[in-house]
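Participant: Quick one, structure for this:
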Amino acid sequence: MTQRLPDFFVIGAGRSGTTSLQVHLDAHPQVFMCRKSPDYFVSGDAAPPWETEVARAMMDHRVHDRDEYLALFRDAAGKAAVGEVSPVYLQSLAAPGRIHALCPDVRIVAILRHPVDRAYAHFLGRQRDGIEPAGSFAARIERELKSPLPDDIAFGSYLGCGRYHHFLRGYYSRFPRDRIRVYLFDDFVESPGRVMADLFAFLGVDPEVEVDVSQRRNRGGVIANPLLRAIWTGTVGLRTRLRARLPESIRNAAGPWFLHSLEVPPLDPALRARMLTALHDDIVALQSLIDRDLGTWLSREP
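Facilitator: Okay, the predicted model is just below:
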């Protein structure tokens, strides 16, 4: 039997709705999705020096072996579209070439969120989950602003991961433009059903199939209950060690119990403006690359 390979990749950006896309795509009867974030095409990349110890431990769960990766798709027979969601593929300059070498005819899907909002959501999510030890988002961003933003890989760099043009252009240089689809997070929030119908059509499956888009997945924020917050954050080491041993269904069941009530502290407008200045040129270049007006992103107002 011929081994199936992915027909499409959702490459990111992280904290931009990729978990919801994974769930909605998996709900379509003609689509097969492997588990989220196998990260195979960046598995050989070393953690950058700024990454935390917990994040380094989590990278051990990436799929490193080719046969193990191919096994993720062994049950895809009969499906019209086979896909993978790994947001870190938009954080590595090497990922596009590696994907093209194995799957030159795939379709590429990206969903992009305002890079400042994405960075803040990324920080809150990592801090909530016990991955980010820094107590202050402002302090962490000040450190990043004092150094050049990363070029080759941006794992764990809040500003670096928002350089969408920098990392997306490698896909446009290798794959035909008509095989790349870029969505904006705001469009997805406003009309998830419309975005999913368009995505289904892009992937060559029935766009008339309706999937439940009523729930937002993997929402960001701070756990409101202090006790639940302490338990969830404090057990990150244990959860990381058990990840490979527990079925995904059990892992997924625990999260909602702790994360059902989240709060998002306001972001300081002055810090937002400084971050936007650092990302301005990349946003301007991105407009031309994806042929979308991003004037609202360039505004200093949230």
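Participant: can you confirm residue 9 is in a strand?
Facilitator: Yes. Assessed with DSSP: H, G, I helix; E, B strand; the rest coil, residue 9 lies in a strand.
Participant: OK, contacts around it?
Facilitator: Residues in contact with residue 9 (CB atoms under 8 Å, 6 or more residues apart in numbering) are 83-86, 89, 99, 103, 106-109. Using the backbone N, CA and C atoms, a C-beta is placed for each residue, glycine as well.
Participant: if we go to 6 Å?
Facilitator: By CB atoms under 6 Å, 6 or more residues apart in numbering, the residues touching residue 9 are 84, 106, 108.
Participant: Take the residues you listed and keep only those in strands.
Facilitator: Those of these mapping onto strands are 84, 108, per DSSP state E.
Participant: which of the contacts of residue 9 tops the neighbour count?
Facilitator: Within the contacts of residue 9, neighbour counts (other CB atoms under 10 Å) peak at residue 84, which reaches 29 neighbours.
Participant: wait, doesn't that one sit right on residue 7?
Facilitator: No. Contact between residue 84 and residue 7 fails when scored by CB atoms under 6 Å: they sit 9.6 Å apart.
Participant: The stretch 151-300 of the chain: strands as residue ranges?
Facilitator: With DSSP state E, counting those that start in this stretch, the ranges of strands along the stretch 151-300 of the chain come out as 180-184, 222-223, 262-263.
Participant: ranking the ones you listed by mean pLDDT, which is last?
Facilitator: Lowest mean pLDDT within those: strand 222-223, a mean of 58.
Participant: distance between the ends of stretch 87-107?
Facilitator: The first and last residues of stretch 87-107 sit 15 Å apart, counting by CA to CA, to the nearest Å.
Participant: how about the contacts of residue 9 in JSON lines, adding pLDDT and distance to residue 131?
Facilitator: JSON lines is the format used below for the contacts of residue 9 (pLDDT from 0 to 100; distance: CB to CB, whole Å):
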{"residue": "84", "pLDDT": "98", "distance to residue 131": "22"}
{"residue": "106", "pLDDT": "98", "distance to residue 131": "30"}
{"residue": "108", "pLDDT": "98", "distance to residue 131": "27"}
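Participant: with the contacts of residue 9 in mind, which one is nearest to residue 33?
Facilitator: Checking these against residue 33 by CB to CB gives residue 84 as the nearest, at 7.3 Å.
Participant: Provide the secondary structure category for the residue lying closest to residue 39 once chain neighbours are set aside.
Facilitator: Nearest residue to residue 39, sequence neighbours excluded (CB to CB, 6 or more residues apart in numbering): residue 62, at 4.1 Å. Judged by three-state DSSP, the three-state class of residue 62 is coil.
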